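Asks: Okay, predicted coordinates and the sequence, questions at the end:
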Amino acid sequence: MSVRQALLALLEEGPMYGYQLRSEFERRTGATWPLNVGQVYTTLTRLERDGLVVGSGADGDGHVVYEVTEAGREEVATWFTTPVGRGTPPRDELAIKLALAVTVPGVDIGTVIQQQRSATISALQDYTRLKRDRDDRTPDDLAWGLVLDSLIFAAEAEVRWLDHCEARLRRAAGLSVAAAPATPTRSQSERTRR
Amino acid sequence: MTAPDTAVLRLDAVTRVHGEGETEVHALKAVTFTAHAGELVAVMGPSGSGKSTLLTLAGGLDAPTSGTVSVEGTDLATLGQKGRARMRRTSIGYVFQDFNLVPALTAAENVALPLELDGLGSRQAREQARAALGEVGIAELADRFPDHMSGGQQQRVAIARAVVGERRLILADEPTGALDTETGEEILRLLRSRCDAGAAGVLVTHEARHAAWADRVVFLRDGVIVDETGADKVDALVEAGATR
């Protein structure tokens, strides 16, 4: 649903045609969630049907330029002042994978966790590298910076959760679930855990 | 400049055992680890994994049970007590979670302290200290006392103290632990830039978001390095992240 509201919000700045809307959306969100032009035009058609925008004829190059209506402005205002609902959590492949790894026989869950943590930290390193050379000088930079931070905090949360799962599994098993090359003897792992 | 080797810190098959017999604890087990000039390496792991032991050994504050620890190509074990102390003043900089500044000294005096202890004249030491404070972006706070600075500013002073006098090994133990996220990030940015300028940095942290500023991330568990993440690929990740 957020594409609809996002396009409406962009139109608050002034009339635009579909392709412009797409580039504005992607510029501010760092192309993290790419939109295709078809999706933009379908959304605009629906917005027009619902009376939230009007297509005000073609510009010199034949683009149909859209303008937000008063009802559209109200919808944008409502969107900004209403918290995003948590709703039903979207399917989380990793949580499902661990839930199965801990119950299906023959899966080395320690390795599953370690490999995922490595992959997520690599992703975090890449996001951080993107962040390193940026500053918040323009509003667009700031917008993309906030999206990048959202990706960073989400990846960090995933790593923390993986750490937590690992600690919890170790406690439950009473012995190490360390990845294969590091498997310490039982007596050592018990001593270091004091 | 004796060898082309750029490793500023090298741990070779380092084992550290605390206690003996029944109470023996293997804090580190045959760990091999390097930090090169221009590189920031993060060390992660749960409590008791050996992170702090690694940092203590790297700083010459403790000696390994077996294996060698070398800084700038010198095996610390060959130095003796005095030599190691000198090495700590001239080659190794420490950054702690709680800043560890001397409250009775100004920022510039804190930074100049290791230089003066090393025998440098106090005027020269102050000059270098002011330059170091400039490099960490707080030249104007040189005459302030730690109590009159924010946490982030104090940590900047601590980093200036860690790098003053051309020291090339920075050992940071949870340097952002006491700071809010935004200030913590500025400190990591600074640490990163000191490494980009040629220092070797080792950052011990339990926060993945901070470890992500490093070139390599090493995971310790039960005294063993279980994994290492070093990434070269910069692009394509935003896309990969979006499809997850």
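Replies: Yep, that arrived.
Asks: Beta-bridge partners for the residue nearest the centre of chain B, please?
Replies: Among the residues of chain B, the one closest to the centroid is B:Leu171, at 1.3 Å (C-alpha atoms, centre = their mean). Beta bridges link B:Leu171 to B:Tyr94, B:Val202, judged by DSSP bridges.
Asks: Just the pLDDT for the residue positioned nearest the centre of chain A.
Replies: Nearest residue to the geometric centre of chain A (C-alpha atoms, centre = their mean): A:Leu151, 5.8 Å. If you check A:Leu151, the pLDDT there is 94.
Asks: tell me the SS of it?
Replies: helix (DSSP: H, G, I helix; E, B strand; the rest coil).
Asks: Run a quick check on it versus A:Thr120, I expect a contact.
Replies: No. Look at A:Leu151 against A:Thr120 with C-beta atoms under 8 Å: they stay out of range, at 11.0 Å. Where C-beta positions appear, they are placed from N, C-alpha and C, glycine not excepted.
Asks: CA atoms of stretch A:25-36 as CSV?
Replies: Backbone C-alpha positions of stretch A:25-36 (Å, rounded to 0.1, in the frame of the first residue of the first chain) are rendered in CSV as follows:
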residue,chain,number,x,y,z
PHE,A,25,11.0,7.9,-5.2
GLU,A,26,14.2,6.0,-6.0
ARG,A,27,16.5,8.9,-5.3
ARG,A,28,15.1,9.4,-1.8
THR,A,29,15.2,5.7,-0.9
GLY,A,30,18.5,4.9,-2.6
ALA,A,31,16.8,2.6,-5.1
THR,A,32,16.4,0.1,-2.2
TRP,A,33,12.9,-0.8,-3.4
PRO,A,34,13.0,-0.3,-7.1
LEU,A,35,9.7,0.6,-8.8
ASN,A,36,8.9,-0.3,-12.4
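Asks: Now it: buried residues?
Replies: For stretch A:25-36, burial by neighbour count (16 or more other C-beta atoms under 10 Å in any protein chain shown) applies to A:25, A:28-32, A:35.
Asks: Kindly report the same for stretch A:50-62.
Replies: For stretch A:50-62, by 16+ other C-beta under 10 Å, it's A:52-53, A:55.
Asks: How far away from the center of its chain is the helix or strand containing B:Arg156?
Replies: Element membership of B:Arg156, judged by DSSP states H and E, is helix B:151-163. Computed by C-alpha atoms, centre = their mean, to the nearest Å, the chain-centroid distance of helix B:151-163 equals 12 Å.
Asks: That helix - what's its average pLDDT?
Replies: Here the average pLDDT along helix B:151-163 is 91.
Asks: Over to stretch B:82-93?
Replies: Here the average pLDDT along stretch B:82-93 is 88.
Asks: Likewise for stretch A:159-173?
Replies: Here the average pLDDT along stretch A:159-173 is 90.
Asks: which residues touch A:Asp59?
Replies: A:17, A:65 (C-beta atoms under 8 Å, 6 or more residues apart in numbering or on different chains).
Asks: Residue 11: neighbouring residues, count only.
Replies: If you meant another chain, say so; for now it's chain A. Neighbour count for A:Leu11, taken as other C-beta atoms under 10 Å in any protein chain shown: 24.
Asks: Can you look at chain B instead?
Replies: So B:Leu11, with other C-beta under 10 Å, has 21 neighbours.
Asks: And for A:Gly87?
Replies: 6.
Asks: B:Ser47 now?
Replies: B:Ser47: 11 neighbours (other C-beta under 10 Å).
Asks: And for A:Ile96?
Replies: 10.
Asks: ditto for A:Arg86
Replies: Neighbours around A:Arg86, by other C-beta under 10 Å: 6.
Asks: hang on, A:Ala9 in a helix?
Replies: Yes. A:Ala9: assigned to a helix according to three-state DSSP.
Asks: separation between it and B:Asp62?
Replies: According to C-beta to C-beta, to the nearest Å, A:Ala9 and B:Asp62 sit 58 Å apart.
Asks: Now the residue nearest to B:Gly152 when sequence neighbours are not counted: which helix or strand?
Replies: Leaving out its chain neighbours, the residue that sits closest to B:Gly152 by C-beta to C-beta, 6 or more residues apart in numbering or on different chains is B:Thr183, at 3.7 Å. Using DSSP H and E, B:Thr183 sits in helix B:181-196.
Asks: what are the C-alpha coordinates of that helix, in PDB please?
Replies: Output of helix B:181-196 as PDB, limited to C-alpha atoms (Å, rounded to 0.1, in the frame of the first residue of the first chain):
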ATOM      1  CA  THR B 181      24.400   5.800  18.800                       C
ATOM      2  CA  GLU B 182      25.100   9.000  16.900                       C
ATOM      3  CA  THR B 183      28.200   9.900  18.900                       C
ATOM      4  CA  GLY B 184      29.400   6.300  18.900                       C
ATOM      5  CA  GLU B 185      29.200   6.400  15.100                       C
ATOM      6  CA  GLU B 186      31.300   9.600  15.000                       C
ATOM      7  CA  ILE B 187      34.000   7.800  17.100                       C
ATOM      8  CA  LEU B 188      34.000   4.900  14.700                       C
ATOM      9  CA  ARG B 189      34.200   7.200  11.700                       C
ATOM     10  CA  LEU B 190      37.200   8.800  13.400                       C
ATOM     11  CA  LEU B 191      38.900   5.500  14.300                       C
ATOM     12  CA  ARG B 192      38.300   4.400  10.700                       C
ATOM     13  CA  SER B 193      39.900   7.600   9.300                       C
ATOM     14  CA  ARG B 194      43.000   7.100  11.600                       C
ATOM     15  CA  CYS B 195      43.400   3.600  10.100                       C
ATOM     16  CA  ASP B 196      42.900   5.000   6.600                       C
END
